[in-house]
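Student: Generate a structure from the sequence data that follows.
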Amino acid sequence: MLRRGVDIAFKIATLPGVNRLARALLSLVYKLYEEWLWRQIRDGPIPQHVAIIPDGNRRWARRRGLMTSDGHVHGYERLKEVLKWLLELGVRAITVYAMSNENCLYRPPEERIRLFKLIKRGLRELLEDRDGIISRYKVRVKVFGRLELVPSEVSELARMLEDKTRLYSDRFLNIALCYGGRQEIVDAVRRVALDVKNGLLSPEEIDEEVFSKYLYTAHMSEIADPDLVIRTSGEFRISNFLLWQSAYSEFYFCDVYWPDFRRIDLWRAIRSYQKRERRFGR
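Tutor: Residues are numbered from 1 along each chain as shown. Take a look at the predicted model:
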C-alpha cells in the first residue's frame, strides 16, 4: 500500500495542474519515502555488476503525444542519472543494452538514424567527460556488439573512448550496441574453433572459464557476471541480452517506462536483490 501510495503521489506531483503547495507536499512525501528505502538498503550487500535493459522509451513518448525520438532523448538523460546513482552506490560494473542487433537491422531507417545520432552524442559526452564521472571513478568503457552495422563516426568515437579509458580498472561501463547474446556466443565459438585449429588451444582445455575469455566481456575478468539485471516497462523477457553471463543473475522487472525510472525504483531493485538467496543453480 505504501509503495502504491508513493507512486500515485509522484504521478500527481508531476501533473501540470497541481498547485505549488500541493506539489511541494507530495514531493516531500516522495523524498521521505526515498530516505526510508535508503535506510533499508545502505547496510546490505550491493551488487557489483548491474546490467540494465532500459525499455519503454517509445511507449513513454506515445503516451505523451510526443515523437519517438523524444522518448529516446529523455531515456538517454535518465540513463546519465542512473549511471551516477550506481557509481555513487559502489557498483563496480554496469552493462547497458543500448541497442539490440534486431534494432540495428529492422527498425525504420529514420529511427535508426536518430538513434545513432543520440548514441554518437552520448559517446562524445563520455569522451569529453565534462562532469568528471569517468575520471573520478576511473571507469573503463567498452562498446561491444556488431559494430560493423553502426556508422563509422560512431565506431570511431567508441574506439577513441575505449583507448582513452583502457588503463582504468576500478569501474567498468559496458555499452552493448547492435548486440545480440546469441551472436556473441557464435562469435566466441568461432574464435575458440580458430584457436583450436591453429594449435593454440586443445579441446580438452575448454571449460566454462576458458570459454568466458572469448566473450565480449572478457576484459572484466576480475568482475563477476551480472549480479542483478534490471528491465523496465513491465516486460518479462531478456530479449537476447547477455545470455551466457546472466545464467545465474537475479532479475528485477519494473513496470515503469525507462524515462520515468526514479531513484526509488533503483532502491527497490537493490532491496529486492538483497532479500534473495543466491544459489547459483545449487
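
Student: contacts for stretch 255-263?
Tutor: Contact with stretch 255-263 is made by 10, 34, 54-57, 59-60, 63, 71, 74-75, 77-79, 82, 85, 232-234, 254, 265, as judged by Cβ atoms under 8 Å, 6 or more residues apart in numbering. (Each C-beta comes from the backbone N, C-alpha and C, glycine too.)

Student: try 6 Å
Tutor: Contacting residues not belonging to stretch 255-263 are listed as 34, 54-57, 59-60, 74-75, 78, 85, 232-234, 265 [Cβ atoms under 6 Å, 6 or more residues apart in numbering].

Student: Listing partners with orientation, what would you give for the strand or helix carrying Ile230?
Tutor: Following DSSP states H and E, one finds Ile230 within strand 228-231. Sheet pairing of strand 228-231 (DSSP bridges) gives strand 49-53 (parallel), strand 250-253 (parallel).

Student: Where does the residue lying farthest from the centre of the chain sit: helix, strand or coil?
Tutor: Largest separation from the mean C-alpha position in the chain: Gly199, at 37.4 Å (Cα atoms, centre = their mean). Under DSSP: H, G, I helix; E, B strand; the rest coil, Gly199 falls in the coil class.

Student: Provide the backbone phi and psi angles at it.
Tutor: phi 80, psi 10 (degrees, to the nearest 10).

Student: Next one: it, what pLDDT does it get?
Tutor: Gly199 is assigned 97 on the pLDDT scale.

Student: May I have the residues that are in contact with it?
Tutor: Contacts of Gly199 (Cβ under 6 Å, 6+ apart): none.

Student: For the stretch 1-150 of the chain, which residues score under the pLDDT cut-off?
Tutor: Residue ranges of the stretch 1-150 of the chain with pLDDT under 70: 1-18, 22.

Student: hey, where'd the strands end up in it?
Tutor: Along the stretch 1-150 of the chain, the segments classed as strands by DSSP state E, counting those that start in this stretch run 49-53, 93-100, 139-144.
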